[in-house]
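Novice: The following comprises the amino acid sequence and a computationally predicted model.
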Amino acid sequence: LLIPETDELWIRVAFFVVGLLVLSGATGLYIGAAFGPGPRDGLMTGLHRRTGWPIWVVRTGLEVTVVAVGWALGGNVGIGTVAFALLVG
């Protein structure tokens with residue numbers, strides 16, 4: 001109800017970018033506030049601690065893996081899905 005539907009590509013891209021930024025910022029805020037991560041974020045922070053890899057590398061690796069598994073199981077993968085997986089970290 002708050003976000004209008006549109007067929008305009010530039011508006012849809014802008015919505016995607018804003019959504020990605022909001023999600024990334026919100027994830028950083030609740031993990032940084034030590035409220036406890038969810039399952040995927042818990043795996044991300046655990047792998048970061050065990051491997052010493054940067055958070056963005058671990059997060060991107062997890063997201064790309066999830067997309068690949070979803071695709072292998074017959075899910076749809078579009079440009080937005082791939083962009084999200086690569087950019088959310």
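Specialist: Ah, there it is.

Novice: From what I see, residue 87 and residue 17 are in contact.
Specialist: No. Counting by C-beta atoms under 8 Å, residue 87 stays clear of residue 17, with 9.1 Å between them. (Glycine included, C-beta is placed from N, CA and C.)

Novice: higher neighbour count, these two?
Specialist: The neighbour comparison of residue 87 against residue 17 (other C-beta atoms under 10 Å) goes to residue 87, with 15 against 12.

Novice: List the residues that contact that one.
Specialist: Residue 87 makes contact with residue 20 under the criterion C-beta atoms under 8 Å, 6 or more residues apart in numbering.

Novice: From residue 74, how far off is it?
Specialist: 24 Å (C-beta to C-beta, to the nearest Å).

Novice: mind saving the C-alpha coords of stretch 79-89 as CSV?
Specialist: C-alpha atoms of stretch 79-89 as CSV (Å, rounded to 0.1, in the frame of the first residue of the first chain):
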residue,chain,number,x,y,z
ILE,A,79,19.3,-10.2,-12.6
GLY,A,80,17.9,-8.8,-9.4
THR,A,81,18.6,-12.0,-7.5
VAL,A,82,22.2,-12.2,-8.7
ALA,A,83,22.7,-8.5,-8.0
PHE,A,84,21.4,-9.0,-4.5
ALA,A,85,23.6,-12.0,-3.8
LEU,A,86,26.7,-10.1,-5.1
LEU,A,87,26.0,-6.7,-3.5
VAL,A,88,24.4,-7.4,-0.1
GLY,A,89,27.8,-8.3,1.4
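
Novice: distance between that stretch and the chain's centre?
Specialist: 7 Å (C-alpha atoms, centre = their mean, to the nearest Å).

Novice: Next, the buried residues of that stretch.
Specialist: In terms of neighbour count (16 or more other C-beta atoms under 10 Å), stretch 79-89 has its buried residues at 81, 84, 85, 89.
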